[in-house]
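In: quick one: sequence and predicted model below, then my questions.
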Amino acid sequence: MRNRLTPPVVLVLTAAVLSSGLVAAISSAAQQERPRDAVDEAQSPRNVPATRPEQQKTAHDRALEAAAKNPPPASPVFKNQPKEGKITGFDFFRDPLNADRPFLTFEEIMRKESADRPKVMAAQMALLNSRYDLTPRFDDTVKMSRGKPLCVGPTVRLADDMTFEKLADLGPEAVRERGIFPYPALPHPLQVNGGQVFPKMQLQMFPRLERFDVEFDLPEAFLPEFPPAIFLSNRPELGDVSRGEVVSINNFYRLFKDLLTPVQLDGLRMLVTPLPQEEFNPTDDRKSPQPSLGVTCFDCHVNGHTTAQFHLTPDMRPQDRRFRLDTTSLRGVFNQQIHGSKRSLRSVEDFTEFEQRTAYFNGDPIHAMKKGMVILDRVQVSHMAQLQNMLDFPPAPKLDPETGRLDPKKATDSEMRGEKLFFGKAQCGSCHPAPFYLDNRLHDLHLERFIKDEPGDGPIKSFTLRGIKDSPPYLHDGRLLTLEDTVEFFNLVLQRKLSKTEKKDLVAFMRQL
């Protein structure tokens, strides 16, 4: 009986095994067909078995490292000279930046800072949770350009028995004396290292951007869309042209060969080409586990926009005086007369070249020489600028195309009241005039009036508010997680004495920009 039943059972099991194997093979093939990050591919050697004689490590190979560090002196006379002719102290080119001692190796630094990272991030999250309620609350109807829900606030935690209304009545001196200003500066989680930090959602797609010493801190719900939409001023009828993809060296040509001129397309190629940067480079100064070709302009300005990556402002010293700086959107850069949060560069070309030569390296061209500064030809820079000048704002269907003001036939009563407040009582329009909602000037809020242990930030450019709902968090360091927080902040700092209803109307208006 068993023999007569065995063949069908075997056939069934065999078919099941084959089917399972076929599914696994198809799945494996699909994974292999899925496009990989071309930059990762270019800088990742394959591990192959050491089967050939020339691949085997010899005693000479193993001794070479020690011999390289301890060469025989060129002359025995050096033994009688100072330090025996050796550089025994810190050497900028040889030793990692900010190394605690000479000859400290990259492996030692990575091992220590990797072990410290959980403590660094635990401290940062404790700080954030003490300042904010990080539980996301979403608007029922308002979405970003590609449909991501919009978080509503305010999120900040006020001192016991305090309300925004009571706070606004106190005045700067009382707020400062009592130490209850709710929006102090948002610090970098690891100030001593600083540098560019990318959100987790981006690292899932591009793991080459992950650091071993620090992580991104703000929850994804409070960040812009990933990928962000792309709007081109030369093809406005198309709306968002991102196709839901993150533009990279893998896909830029396929996505844009029919939309851009050859000059613009070449500029885009440069904007998605990796170049060495302070934390991502081939040297021991890097904060990536593996040597890196660097980062691209569009790693930070994803799709010409932002996903709230942050670093430290490059134009301030010493290190502990520098403040956190969010990546800003490139949308509408064609209309800006000055560029940069504090630097007042006068053309997109100058800004592009400055960013690559110095801001990529925390404002230090000496670091750039060590890590691989690339001198871009001015023609390439102009091509990059041509592309950046194509990046437009999201459509704002309720705004008059000429004046940038609300069309009363399309706007709600709340939005109309908000517009009146914006250009009236709240005086937002003094720094953000229509139609582009920026004034190309730098302004100093003098926050030191409210905080006794912070020096303030000095003058910072007021950026455009067009498409502002796509760009949380707000202010230069991202300390304002929502538009509601932003209204509360400026109402307090500028002492406008807005009511709850007025604040709500102001937010309703800004969501239409």
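Out: Received, thanks.

In: and residue 169, how many neighbours?
Out: When neighbours are defined as other CB atoms under 10 Å, residue 169 has 11 of them. For glycine as for every other residue, the C-beta is placed from the backbone atoms N, C-alpha and C.

In: check contacts around it.
Out: Applying CB atoms under 8 Å, 6 or more residues apart in numbering to residue 169 gives no contacts.

In: and the pLDDT for it?
Out: In the predicted model, residue 169 carries a pLDDT score of 93.

In: does it count as helix, strand or coil?
Out: helix (DSSP: H, G, I helix; E, B strand; the rest coil).

In: tell me which element residue 418 falls in.
Out: Using DSSP states H and E, residue 418 maps to helix 413-423.

In: quick one: the strands in the stretch 401-513 of the chain, in order.
Out: All strands of the stretch 401-513 of the chain, identified by DSSP state E, counting those that start in this stretch, fall at 442-443, 460-461.

In: residue 362 is nearest to which of those strands?
Out: With CB to CB as the measure, strand 460-461 is the member of those nearest residue 362 (18.1 Å).

In: need the contact partners of the closest one.
Out: Applying CB under 8 Å, 6+ apart, the set of residues contacting strand 460-461 is 338, 340-342, 344, 440-444, 476.

In: for it, the distance to its chain's centre please.
Out: 18 Å (CA atoms, centre = their mean, to the nearest Å).

In: partners of that strand in the sheet?
Out: With DSSP bridges as the test, strand 460-461 is paired with strand 442-443 (antiparallel).

In: give me the average confidence score over the partner strand.
Out: pLDDT averaged over strand 442-443 gives 91.

In: may I have the helix holding residue 418 as PDB, with CA atoms only?
Out: The C-alpha coordinates for helix 413-423 follow below in PDB (Å, rounded to 0.1, in the frame of the first residue of the first chain):
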ATOM      1  CA  ASP A 413     -13.800  83.200   4.900                       C
ATOM      2  CA  SER A 414     -11.000  81.900   7.300                       C
ATOM      3  CA  GLU A 415      -8.400  82.200   4.600                       C
ATOM      4  CA  MET A 416      -9.500  85.700   3.600                       C
ATOM      5  CA  ARG A 417      -9.300  86.800   7.300                       C
ATOM      6  CA  GLY A 418      -5.900  85.100   7.500                       C
ATOM      7  CA  GLU A 419      -4.600  87.100   4.500                       C
ATOM      8  CA  LYS A 420      -5.900  90.300   6.000                       C
ATOM      9  CA  LEU A 421      -4.000  89.500   9.200                       C
ATOM     10  CA  PHE A 422      -0.800  88.500   7.200                       C
ATOM     11  CA  PHE A 423      -0.600  91.900   5.600                       C
END
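
In: show me what that helix is packed up against.
Out: Counting contacts by 3 or more CB pairs under 8 Å, 6 or more residues apart in numbering; DSSP states H and E, helix 413-423 is packed against helix 500-510.

In: do a quick rundown of the helices in the stretch 51-200 of the chain.
Out: Using DSSP state H, counting those that start in this stretch, the helices of the stretch 51-200 of the chain run over 59-69, 106-131, 164-170, 172-178, 200-205.

In: quick check: which of those is nearest to residue 39?
Out: Ranking those by distance to residue 39, with CB to CB as the measure, places helix 200-205 first at 11.7 Å.

In: and that closest one, what's buried?
Out: In terms of neighbour count (16 or more other CB atoms under 10 Å), helix 200-205 has its buried residues at 202-203.

In: run the chain-centre distance for it.
Out: 12 Å.

In: report the next helix or strand after that helix in sequence order.
Out: Using DSSP H and E, the first helix or strand after helix 200-205 is helix 252-256.

In: could you point out which element follows that next one?
Out: Sequence-wise, the next helix or strand beyond helix 252-256 is helix 262-271, with elements assigned using DSSP H and E.

In: and that next one, what does it pack against?
Out: helix 252-256, helix 297-300, helix 378-388.

In: pull the CA atoms of that helix into CSV?
Out: Listed next in CSV are the C-alpha coordinates belonging to helix 262-271 (Å, rounded to 0.1, in the frame of the first residue of the first chain):
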residue,chain,number,x,y,z
PRO,A,262,20.8,69.7,-23.2
VAL,A,263,22.3,72.4,-21.0
GLN,A,264,19.7,71.9,-18.2
LEU,A,265,20.1,68.1,-18.4
ASP,A,266,23.8,68.4,-18.1
GLY,A,267,23.3,70.7,-15.1
LEU,A,268,21.1,68.0,-13.6
ARG,A,269,23.8,65.4,-14.2
MET,A,270,26.2,67.5,-12.1
LEU,A,271,23.6,67.9,-9.4
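
In: run the angle between that helix and helix 378-388 for me.
Out: Counting by axes from the mean of the first three to the mean of the last three CA atoms, to 10 degrees, helix 262-271 lies at 100 degrees to helix 378-388.

In: please name the nearest non-neighbouring residue to the residue nearest the centre of the chain.
Out: The C-alpha lying nearest the average C-alpha coordinate of the chain belongs to residue 309 (CA atoms, centre = their mean; 1.6 Å). Distances taken as CB to CB, 6 or more residues apart in numbering place residue 327 nearest to residue 309, at 4.6 Å, with adjacent residues excluded.

In: which ones are touching the one you found?
Out: Applying CB under 8 Å, 6+ apart, the residues near residue 327 are 300-301, 306-311.

In: and if you look at residue 463?
Out: 328-329, 438.

In: again, 10 Å this time
Out: By CB atoms under 10 Å, 6 or more residues apart in numbering, the residues touching residue 463 are 328-329, 332, 336, 341, 431-432, 437-438, 440, 471, 474-476.

In: any chance of those in JSON lines, plus distance to residue 102 and neighbour count?
Out: Formatted as JSON lines, the contacts of residue 463 follow (distance: CB to CB, whole Å; neighbours: other CB atoms under 10 Å):
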{"residue": "328", "distance to residue 102": "39", "neighbour count": "19"}
{"residue": "329", "distance to residue 102": "43", "neighbour count": "24"}
{"residue": "332", "distance to residue 102": "49", "neighbour count": "21"}
{"residue": "336", "distance to residue 102": "45", "neighbour count": "20"}
{"residue": "341", "distance to residue 102": "36", "neighbour count": "19"}
{"residue": "431", "distance to residue 102": "50", "neighbour count": "17"}
{"residue": "432", "distance to residue 102": "51", "neighbour count": "21"}
{"residue": "437", "distance to residue 102": "52", "neighbour count": "24"}
{"residue": "438", "distance to residue 102": "49", "neighbour count": "20"}
{"residue": "440", "distance to residue 102": "48", "neighbour count": "16"}
{"residue": "471", "distance to residue 102": "44", "neighbour count": "26"}
{"residue": "474", "distance to residue 102": "44", "neighbour count": "21"}
{"residue": "475", "distance to residue 102": "41", "neighbour count": "21"}
{"residue": "476", "distance to residue 102": "37", "neighbour count": "21"}
